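Asker: sequence first, predicted coordinates after that:
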Amino acid sequence: MNDKASTSRRTARLHTPTSLGAEATRDISGALNALLADFFALYLKTKNFHWHVSGPHFRDYHLLLDEQADQIYATTDPIAERVRKLGGTTLRSIGQISRLQRVLDNEADYVTPQDMLAELRDDNQQLVARLREAHATCDEHGDVASASLIEVWIDEAERRAWFLYETTRKSE
Ligand SMILES: [Fe+2]
């Protein structure tokens, strides 16, 4: 048996049976894997700011960002497992995350607390837009289960954006 045949026989083991078609598996898995990379990137950025925030509101911001990071991290396993249930394969490495992520890293030595919160607010709003796009892809293929999970993740991202928005508001 040549290498290609043995590789395709081994990967066939990863083709979970599903009543959705091959096109649905490809499109929805692609959308979910890109989102998974975004969730991991946003998780680490939120933790980065949780660790490096400073100033008079330290305790509030430090705790808010930890709470948000926990919520973001909690979505990662359900996303990856959803891809497997659809018969797709999911992320295998940090390197793969860095190639797929659309959330931009922030490796600056110092970021003001206001800039941290504003950046995360924008990231969460962009995440909402991408989640809506993925929801439309699920709708096209009749994948109600992925769509239903995505609806919860949209609500959570909107909540994070709301808290970040209120926290960055200037007092009147
Ligand atoms: Fe911590």
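Answerer: Arrived safely, thanks for sending. Numbering: from 1, shown residues only.

Asker: select the longest helix from the protein.
Answerer: helix 22-52 (DSSP state H).

Asker: for this protein, what helix or strand is lowest in average pLDDT?
Answerer: Here the helix or strand of the chain ranked lowest by mean pLDDT, DSSP states H and E is helix 3-12, holding a mean of 70.

Asker: what is the burial count for Ser54?
Answerer: Residues lying near Ser54 (other C-beta atoms under 10 Å) number 13. C-beta here means a position set from N, CA and C on the backbone, and glycine is covered the same way.

Asker: in contact with it, which residues?
Answerer: Applying C-beta atoms under 8 Å, 6 or more residues apart in numbering to Ser54 gives the contacts Pro113.

Asker: for it, what are phi and psi?
Answerer: When read as degrees, to the nearest 10, the backbone of Ser54 gives phi -150, psi 170.

Asker: quick one: pLDDT of it?
Answerer: Note on Ser54: pLDDT of 97.

Asker: how about low-confidence regions in the chain?
Answerer: 1-3, 10-12, 171-172 (pLDDT under 70).

Asker: for Arg102, which residues are in contact?
Answerer: By C-beta under 8 Å, 6+ apart, Arg102 lies in contact with 34, 37-38, 126, 130.

Asker: let's go with 7 Å and repeat that
Answerer: Counting by C-beta atoms under 7 Å, 6 or more residues apart in numbering, Arg102 makes contact with 34, 38, 130.

Asker: neighbour count for these - can I get that in a markdown table?
Answerer: A markdown table is the format used below for the contacts of Arg102 (neighbours: other C-beta atoms under 10 Å):
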| residue | neighbour count |
| --- | --- |
| Ala34 | 17 |
| Asp38 | 22 |
| Arg130 | 18 |
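
Asker: just the closest of those to His52, please.
Answerer: Asp38 (21.0 Å; C-beta to C-beta).
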